[in-house]
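J.: pasted the sequence and its predicted model underneath.
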Amino acid sequence: MADRRIIVVGAGITGLAAAHRLLTDNPDTDVVVLEACASPGGLIRTSPFAGLPVDEAADSFLVRVPWALDLCTELGLDDELVAPHARAASVWLDGIHRPLPSPNVLGIPLDPNSVEKGLLPTEDIERLAGAGLPDSPLAGGDLSVGQVVRSCAGDAVFERLVDVLLGGVNAGRADDLSCEVMAPQLLAAARSPEGLLAALRSLHAQADPSAPVFNAHPSGMGHLVDTLVGRLGNRLRLHSPVTGLERNDAGWLVGTTGGVELADAVVLAVPAFVAADLLGPIQAEAAEHLAQVPYASVSLAAFAFQRNDLDVTGDQSGFLVPRDAGLFMTACSYAGSKWAHLGTGDRVLLRVSAGRNDDFRHAGMDDDTLQRALAGDLAVTLGVEAPPDAVRVSRWPRSLPQFAPGHADRMAAIDDRLAEAAPGLRVTGAFRHGVGIPACIRSGTEAAAAVVHTV
């Protein structure tokens with residue numbers, strides 16, 4: 001018989017990772033996962049499109065950090081993973097596609113000779129040949145990505161490359177994003193006595209050039225969700241929104257629409273704004289910190305074109321679009337070129353995103369209007385005038401948390417408040433360490449370890 005009971009609230013990848021860790025490391029623990037929606041997975045969803053399994057949001061995970069790859073290995077999925085077939089990408093700048101310099105780290109070129117003429121001013125290219133020492137000593141603690149890159153590599157490198165890449169990934173402004181959360185390797189390199197560029201070159205020289213940067217599952221990233229859900233069995237309860245939390249001498253009382261559940265500990269693996277509502281009556285200061293985490297909303301449309309109407313370069317994975325380019329889209333992925341298992345022969349598959357933390361136009365459009373707006377941008381950037389064979393629009397409202405400088409300290413303050421006022425309760429999710437799949441798995445894994453040590 002189980003000697004303790006832990007409830008995980010939320011069955012996104014963070015909650016599923018937390019539940020998996022709890023069950024694997026603590027087999028005598030009764031684990032229950034409560035999910036408000038009709039399906040698990042959160043922002044990981046794979047569905048059929050043009051006869052193929054095409055992801056509706058994240059389509060891969062970063063390999064250079066361990067958490068996602070380690071989990072896939074543990075689940076026996078590592079031998080099934082694939083790397084991108086096409087690795088080169090471009091930026092839509094000045095009305096043309098300009099290739100991202102290679103090698104680069106988060107858009108920062110490591111070799112000035114790889115920078116295409118016209119991409120950066122001459123003085124900035126000359127600076128890239130140097131060590132990348134900051135213009136003035138960097139302040140201690142967390143800084144914005146913009147502060148770090150502007151000081152060490154110049155404004156043009158930041159605005160035309162780094163902000164386009166990092167701001168695109170997070171649908172925000174890299175001038176406002178925490179370097180500690182979004183790009184800790186840049187912060188460490190910038191504080192190196194060698195200088196940012198010299199330190200990044202040293203790290204690059206030690207890396208295996210043939211090693212993949214990203215991995216995916218050929219059945220879509222939803223396969224990872226399905227595998228974790230399969231191990232949960234009847235411990236996962238869908239259509240089970242949590243309506244309140246309360247602690248008494250017996251433990252945690254978790255209110256749901258079906259009644260009250262008793263638990264020794266609770267992992268809240270939900271968006272920050274949801275956690276804030278539940279924590280308000282328990283610890284007001286922690287709830288206020290969480291309520292202040294801003295979120296961006298995005299939409300992603302999949303397009304299928306006949307190859308006779310559109311053909312893209314097979315060695316290109318797609319392109320990014322700066323916020324000042326005058327377009328509606330933020331990025332376009334050549335899904336069929338990027339992933340060999342999506343290369344269909346007679347069709348070209350694209351995944352096109354829209355929306356930023358300060359651009360809400362997509363949210364006010366119906367699917368047909370959004371589709372037409374994105375198709376217009378594809379006509380401008382790729383020259384395709386023919387109508388697509390198929391289009392699928394996926395909406396992700398309030399999906400991408402924004403990490404202001406000092407975010408890690410605010411998360412630590414939340415943990416301190418809850419350790420005192422709410423022992424056995426841990427809040428986690430994409431808002432903690434970042435929005436990527438590895439960061440979410442890390443967040444769930446750490447939350448599982450934290451609550452186990454309190455009961």
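T.: All right, it came through fine. Residues are numbered from 1 along each chain as shown.
J.: what comes up buried for stretch 141-158?
T.: Counting neighbours by 16 or more other Cβ atoms under 10 Å, one finds that the buried residues in stretch 141-158 are 142-154, 156-158. Placement of C-beta: from N, CA and C, glycine included.
J.: residues near residue 430, how many?
T.: For residue 430, the number of neighbouring residues by other Cβ atoms under 10 Å comes to 25.
J.: oops, could you answer that again for residue 8 instead?
T.: Applying other Cβ under 10 Å, I find that residue 8 has 34 neighbouring residues.
J.: coming back round to it: which one of the buried residues of stretch 141-158 is nearest residue 240?
T.: residue 142 (36.9 Å; Cβ to Cβ).
J.: show me the contacts for that closest one.
T.: 178, 179, 180, 181, 187, 405, 406, 407, 408, 409 (Cβ atoms under 8 Å, 6 or more residues apart in numbering).
J.: mark which of these are buried, thanks.
T.: 178, 179, 180, 181, 187, 405, 406, 407, 408.
J.: among the buried residues of stretch 141-158, which are in helices?
T.: Within the buried residues of stretch 141-158, residues falling in helices by DSSP state H are 145, 146, 147, 148, 149, 150, 151, 152, 153, 156, 157.
J.: export those residues to TSV and tack on distance to residue 37 and pLDDT?
T.: Formatted as TSV, those follow (distance: Cβ to Cβ, whole Å; pLDDT from 0 to 100):
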residue	distance to residue 37	pLDDT
145	33	97
146	36	97
147	38	98
148	38	98
149	38	98
150	41	98
151	43	98
152	43	98
153	42	97
156	44	97
157	41	97
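J.: what's the closest of those residues to residue 265?
T.: Distances from residue 265 to these, taken by Cβ to Cβ, are shortest for residue 145, at 35.4 Å.
J.: what's the burial count for the residue nearest to the closest one when sequence neighbours are not counted?
T.: Closest residue in space to residue 145, ignoring its immediate chain neighbours: residue 174 at 4.2 Å, by Cβ to Cβ, 6 or more residues apart in numbering. Residues lying near residue 174 (other Cβ under 10 Å) number 28.
J.: swap in residue 340?
T.: Quick note: residue 340 (other Cβ under 10 Å) scores 13 neighbours.
J.: for residue 218, give its distance to residue 340.
T.: Distance, residue 218 to residue 340, by Cβ to Cβ, to the nearest Å: 8 Å.
J.: which neighbours do these two share?
T.: Shared contacts of residue 218 and residue 340 (Cβ under 8 Å, 6+ apart): residue 82.
J.: so who does the residue nearest to residue 145 touch?
T.: Here residue 174 is in contact with 144, 145, 146, 149, 158, 162, 163, 166, 167, 182 (criterion: Cβ under 8 Å, 6+ apart).
J.: I'd like to know how far residue 73 sits from residue 81.
T.: 9 Å.
J.: how about residue 348?
T.: Per Cβ to Cβ, residue 348 is found 24 Å from residue 81.
J.: out of residue 73 and residue 81, which sits in the busier spot?
T.: Per other Cβ under 10 Å, whichever of residue 73 and residue 81 has more neighbours is residue 81, with 20 against 13.
J.: ok, that one touching residue 214?
T.: No - counting by Cβ atoms under 8 Å, residue 214 is not a contact partner of residue 81; they are 9.7 Å apart.
J.: so which helix or strand takes in the nearest residue to residue 363 once chain neighbours are set aside?
T.: Sequence neighbours aside, residue 297 is the residue nearest to residue 363 in space, at 5.5 Å (criterion: Cβ to Cβ, 6+ apart). Assessed by DSSP states H and E, residue 297 sits inside strand 295-306.
J.: neighbouring strands - and their directions - for that strand?
T.: strand 347-354 (antiparallel), strand 390-401 (antiparallel) (DSSP bridges).
J.: okay, now residue 173: neighbour count?
T.: Residue 173 has 18 neighbours, counted by other Cβ under 10 Å.
J.: helix, strand or coil for the residue nearest to it when sequence neighbours are not counted?
T.: In space, residue 173 comes closest to residue 167 once its chain neighbours are excluded; the distance is 5.7 Å by Cβ to Cβ, 6+ apart. Using DSSP: H, G, I helix; E, B strand; the rest coil, the secondary structure recorded for residue 167 is helix.
J.: what sits against residue 167?
T.: With contact set as Cβ under 8 Å, 6+ apart, residue 167 has these partners: 173, 174, 177, 323, 356.
J.: please identify which two of the residues you listed are farthest apart in space.
T.: 177 and 323 (13.6 Å).
J.: who has more neighbours, those two?
T.: Each of residue 177 and residue 323 has its neighbours counted (other Cβ under 10 Å); residue 177 has more, 25 against 16.
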